[in-house]
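Enquirer: Sequence and predicted structure are below.
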Amino acid sequence: MAYVINSDECTFCGDCEPVCPTTSIKSGKVSYKINKDSCTECEGEFDEPQCVEACPVDGCITRLAA
């Protein structure tokens, strides 16, 4: 599974990018994007996904629907 950034909610602050241990987050044109192929949800490294912890907007970063 992976996480996704809701472009309607993203304020383009950049807080999520440097905390991603797999460097799966990159800047897009209007918001940041998470590479679903390399996102590990921080499993095995942290108790909580670091991007979710760093994001100042509740609900901006959510799990990708199956």
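Expert: Great, that's in hand. Residues are numbered from 1 along each chain as shown.

Enquirer: how about low-confidence regions in the chain?
Expert: Filtered on pLDDT under 70, the chain yields the residue ranges 66.

Enquirer: change it to 90
Expert: Applying pLDDT under 90 to the chain flags residues 1, 64-66.

Enquirer: That one: helices as residue ranges?
Expert: Applying DSSP state H to the chain gives helices spanning 50-54.

Enquirer: residue nearest the centroid of it?
Expert: Within the chain, one residue has its C-alpha closest to the average C-alpha position: by C-alpha atoms, centre = their mean, that is Cys51, at 4.6 Å.

Enquirer: Check the gap between that residue and Ser24 for me.
Expert: Separation of Cys51 from Ser24 (C-beta to C-beta, to the nearest Å) stands at 8 Å. C-beta: built from backbone N, CA, C; applies to glycine.

Enquirer: now Cys42
Expert: Here the criterion is C-beta to C-beta. By it, Cys42 lies 10 Å from Ser24.

Enquirer: And Asp8, by the same measure?
Expert: From Asp8 to Ser24 the distance is 20 Å (C-beta to C-beta).

Enquirer: Compare these two (neighbour count), which wins?
Expert: Between Asp8 and Ser24, counted using other C-beta atoms under 10 Å, Ser24 has the larger neighbour count: 20 against 8.

Enquirer: quick one: that one from Ala54, how far?
Expert: Using C-beta to C-beta, Ser24 is found at 13 Å from Ala54.

Enquirer: who touches Tyr32 in this structure?
Expert: If a contact means C-beta atoms under 8 Å, 6 or more residues apart in numbering, then Tyr32 has Ile5, Cys10, Phe12, Gly14, Cys16, Glu17, Ile25, Lys26 as its contacts.

Enquirer: And for the second one, the neighbour number?
Expert: Burial measure for Cys10: 19 neighbouring residues, criterion other C-beta under 10 Å.
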